[in-house]
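Student: sequence first, then the predicted structure:
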Amino acid sequence: MKSSKIEWTESTWNPITGCTKISEGCLNCYAERMALRLQAMGQQNYKDGFKVRWHEKMLKTPLTWKKSRMIFVNSMSDLFHEEVPVSFVNKIISTIKEANWHVFQVLTKRSKRLVEFSESTKWPSNLWLGVTVESKNHLDRIEDLKSINAKCKFISFEPLLSEIPDINLEGIDWVIVGGESGPGAREMKREWVLEIKEMCEKRKIPFFFKQWGGVNKKKTGRILLDKTWDQYPDYAYIY
């Protein structure tokens, strides 16, 4: 069941909403724009706009979805935001363990807190853990990710705002690349995308090209080298 407009997942689940800007990739945050729109519409979970909030009533939602699907966790926040209590993160992980017929995907820019959790957490095998790396200024997030014990470790280079040097991707299971979209979208250069794709080919890492981006992302599309690139790890559950 495909209910999300995010190309690389099928559904989203937001037991946490709201965030704060941490690096240059956050400048034109789509989640912030969406949260303020939902606040204006009177959506209860967004009554405080984009302030960090956690929602107990949302914790068991994936258990009601009986058909297996890929679920992006906290598309409207960051699971490892410093304001989110450890106890609530653990409740989310418990739900992921219980809903073992789904695959859950988590992305964070707060890789240091991810590492802290990893020291005392056994990650469920149906949880994919990833970091967002928007530029060469944040390659340390990749090293943090590589240090944790998770079945699937992935990187989202989105919005890609700079070239990425020839880095060692050993231990990485999946790579997503995408340009920024919406108002104020910054340019992503073709050569940056191709350099990352080549790195993935060398390591035989599945490569997913999400979009070129721009103000009108539908117009710029998803075609790279005359095709779309929708690769997933071999053990992905695609329905």
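Tutor: Good, I have the coordinates. None of the values given here were measured: they were computed from a predicted structure.
Student: what bridges to the residue nearest the centre of the chain?
Tutor: Centroid check for the chain by C-alpha atoms, centre = their mean gives residue 107 as the closest residue, at 3.5 Å. Residue 107 forms beta bridges with residue 130, as assigned by DSSP bridges.
Student: isn't it up against residue 133?
Tutor: No. Using C-beta atoms under 8 Å as the test, residue 107 is too far from residue 133 to be in contact (10.2 Å). Where you see a C-beta, it was placed from the backbone N, CA and C, and this is true even at glycine.
Student: which residues are in contact with both of the two?
Tutor: The contact sets of residue 107 and residue 133 overlap at residue 156 (C-beta atoms under 8 Å, 6 or more residues apart in numbering).
Student: can you show me the CA trace of the helix or strand of the chain with the lowest mean pLDDT as PDB?
Tutor: Here the helix or strand of the chain ranked lowest by mean pLDDT, DSSP states H and E is helix 217-220, holding a mean of 94. The C-alpha coordinates for helix 217-220 follow below in PDB (Å, rounded to 0.1, in the frame of the first residue of the first chain):
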ATOM      1  CA  LYS A 217      10.100  19.000  -8.900                       C
ATOM      2  CA  LYS A 218       7.500  17.400 -11.200                       C
ATOM      3  CA  LYS A 219       8.900  19.300 -14.100                       C
ATOM      4  CA  THR A 220      12.500  18.400 -13.400                       C
END
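Student: got the contact list for it?
Tutor: The contact list for helix 217-220, computed with C-beta under 8 Å, 6+ apart, reads 179, 181-182, 211-214.
Student: and for stretch 49-60?
Tutor: Residues outside stretch 49-60 that contact it (C-beta under 8 Å, 6+ apart): 13-20, 31-32, 35-36, 39, 45, 77, 81, 83-85, 88, 91-92, 95.
Student: what's the answer for stretch 94-109, then?
Tutor: By C-beta under 8 Å, 6+ apart, stretch 94-109 touches 8-9, 13, 15, 22-23, 25-26, 59-60, 62-63, 65-66, 68-74, 78-80, 114, 124, 126-132, 138, 141, 154, 156, 236-237.
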